[in-house]
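Visitor: Attaching a predicted model along with its sequence, questions to come.
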Amino acid sequence: MSAFRFSFPTPITFGAGVRRQVPEHFKGQGITSVMIVTDEMLSKLPFFTAYADELKAAGLKIDIFNGVKGNPVKSQVMAGVEAFRKFVTLSQSKGDCAILGIGGGAALDVAKAIALMVNHPGDVFDYEDEKPGALPFDKEVPYWIAIPTTAGTGSEVGRSTVVADDVTHVKKVIFSPRLLAKAVFADPELTSALPPAVTAATGLDAMTHLIEAFLAKGWHPMADGIALEGLHLSARALPAAFANGNDLKARGDMLMASMMGAVAFQKGLGIVHSCAHALSAIVDMHHGLANGIMLDHALAFNLKAVPDRFDRLAQAVGLKTGADFLPWVKSLKAELKIPATLKDAGVTADKVEPLVKVAIADGCHPSNPVSVSEADFRTIFASLV
């Protein structure tokens, strides 16, 4: 048996209203100044303004970087780095300054990348995972904590950040346990205002993480167990949260399932994510929506290779056999009003070759339970436009 490393170390405070514990947490760490990293739209919502005021009223000095828009790109990260450095200078106390990421996966990924680049030299892509000659993570990383407002990526408990090139839109993965948040405050109340379409897309993102982690090559019983239980939770909770955004039990279960997916996929992902990353790069599609559209179609490629694994996925959602699982996914997508095909989402046939080029170069499909070729990606994409 070969040796490998794994960890599940993030301290998580979970429950309705736990966001209000954040000021005391910072004070306990001797932190007096906090830069919030969030996205532009979220920063304009009444809850965000009210929460920033709560932090100020608790005695924290607050700055806000809201330059996150759409899928994270390098220019957003570097703008945030500059903003944090200015904030530190104005605060006149480097050790007392921290980062608070509030938002979905994009905001939290940018928060991680900012934390990395504040004290590390070079370009953020110099730290790309498995890049030959990548620079080491050997400098101090500012203290940072996460408050998720969506139940999808689970970025709050992840040890990687995904940032795209501004020009090519190709996503790069930067990975290190040092990127983990020092603490997570997961408050289901913050997800209750998500509109149904966002609930559906982010929820299917979480579900895709859980499914692909379980199917990924390799031996990792802890990740497998977490993935199956997360899928079991999300199978009931996602339709319930979609139908009634104020169902706090469903919202809490989805938030938990989202974090479970992010923990589980340290085992690996697969073909669905490689397709989704290509769609984000070529047509700027929301990552969760891309996963949702591709889920049943790309998973069909794996069914014959690992039928026993599909049996266990089926059992986790209350079905009898693996043959029932993909029809269940298709039905769930229809219930959540996710486009059935890429054509239904407005993707045209002229995008197939660019999509194939990005997908085959993506780092997720090597973990797929069966090898995927360029021709395989072409067949899948072409069948959906």
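Guide: Here it is on my side, so go on. Residues are numbered from 1 along each chain as shown.

Visitor: Flag every buried residue along the one helix or strand residue 83 maps to.
Guide: Here residue 83 sits within helix 74-91, counting by DSSP states H and E. By 16 or more other C-beta atoms under 10 Å, the buried positions in helix 74-91 come out as 74, 76, 77, 78, 80, 81, 83, 84, 85, 87, 88, 91. Any C-beta I mention is one placed from the backbone N, CA and C, and that applies to glycine too.

Visitor: any idea how far the fifth one is from residue 59?
Guide: The reference is to residue 80. Using C-beta to C-beta, to the nearest Å, residue 80 is found at 24 Å from residue 59.

Visitor: do the third one as well
Guide: The span separating residue 77 from residue 59 equals 29 Å under the rule C-beta to C-beta.

Visitor: go on, the first one?
Guide: Here the criterion is C-beta to C-beta. By it, residue 74 lies 35 Å from residue 59.

Visitor: care to break the protein down by domain?
Guide: When the chain is parsed with automatic domain parsing, its domains come out as 12-191, 196-382.

Visitor: looking at those domains, which has the lowest confidence?
Guide: Of all the domains of the chain, domain 12-191 carries the lowest average pLDDT, namely a mean of 93.

Visitor: show me the contacts for residue 294.
Guide: Each residue near residue 294 by C-beta atoms under 8 Å, 6 or more residues apart in numbering is listed here: 272, 275, 276, 279, 380, 384.

Visitor: which residue sits closest to it, ignoring its sequence neighbours?
Guide: Nearest in space to residue 294, with sequence neighbours left out and distances taken as C-beta to C-beta, 6 or more residues apart in numbering, is residue 275 at 4.4 Å.

Visitor: For this structure, just list every one of the helices.
Guide: Taking DSSP state H to define them, one finds helices in the chain at 22-28, 46-57, 74-91, 105-117, 196-215, 221-243, 248-264, 271-283, 287-299, 307-316, 325-335, 352-361, 374-382.

Visitor: what about dumping the CA coordinates of the longest one to CSV?
Guide: C-alpha atoms of helix 221-243 as CSV (Å, rounded to 0.1, in the frame of the first residue of the first chain):
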residue,chain,number,x,y,z
PRO,A,221,-12.4,5.7,2.5
MET,A,222,-12.8,8.8,4.5
ALA,A,223,-13.4,11.0,1.5
ASP,A,224,-15.8,8.3,0.0
GLY,A,225,-17.8,8.1,3.2
ILE,A,226,-18.1,11.9,3.4
ALA,A,227,-19.1,12.1,-0.3
LEU,A,228,-21.9,9.5,0.1
GLU,A,229,-23.4,11.1,3.2
GLY,A,230,-23.2,14.6,1.6
LEU,A,231,-25.0,13.2,-1.5
HIS,A,232,-27.6,11.7,0.8
LEU,A,233,-28.2,15.1,2.5
SER,A,234,-28.3,17.1,-0.7
ALA,A,235,-30.7,14.7,-2.6
ARG,A,236,-33.5,15.8,-0.2
ALA,A,237,-32.3,19.3,0.7
LEU,A,238,-31.6,20.8,-2.8
PRO,A,239,-35.2,20.4,-4.1
ALA,A,240,-36.5,21.6,-0.8
ALA,A,241,-34.3,24.7,-0.7
PHE,A,242,-35.2,25.4,-4.4
ALA,A,243,-38.9,25.2,-3.6
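
Visitor: nearest to residue 113, of the buried residues of helix 74-91?
Guide: residue 77 (4.3 Å; C-beta to C-beta).

Visitor: From residue 106, how far off is the closest one?
Guide: 11 Å.

Visitor: Repeat that for residue 307.
Guide: Plainly put, residue 307 is 36 Å away from residue 106 if you go by C-beta to C-beta.

Visitor: These two: which has the busier surroundings?
Guide: residue 106 (25 against 12; other C-beta atoms under 10 Å).

Visitor: Residue 146 versus the more buried one, what's the distance?
Guide: Distance from residue 106 to residue 146, counting by C-beta to C-beta: 13 Å.

Visitor: and what of residue 253?
Guide: As judged by C-beta to C-beta, residue 253 and residue 146 stand 19 Å apart.
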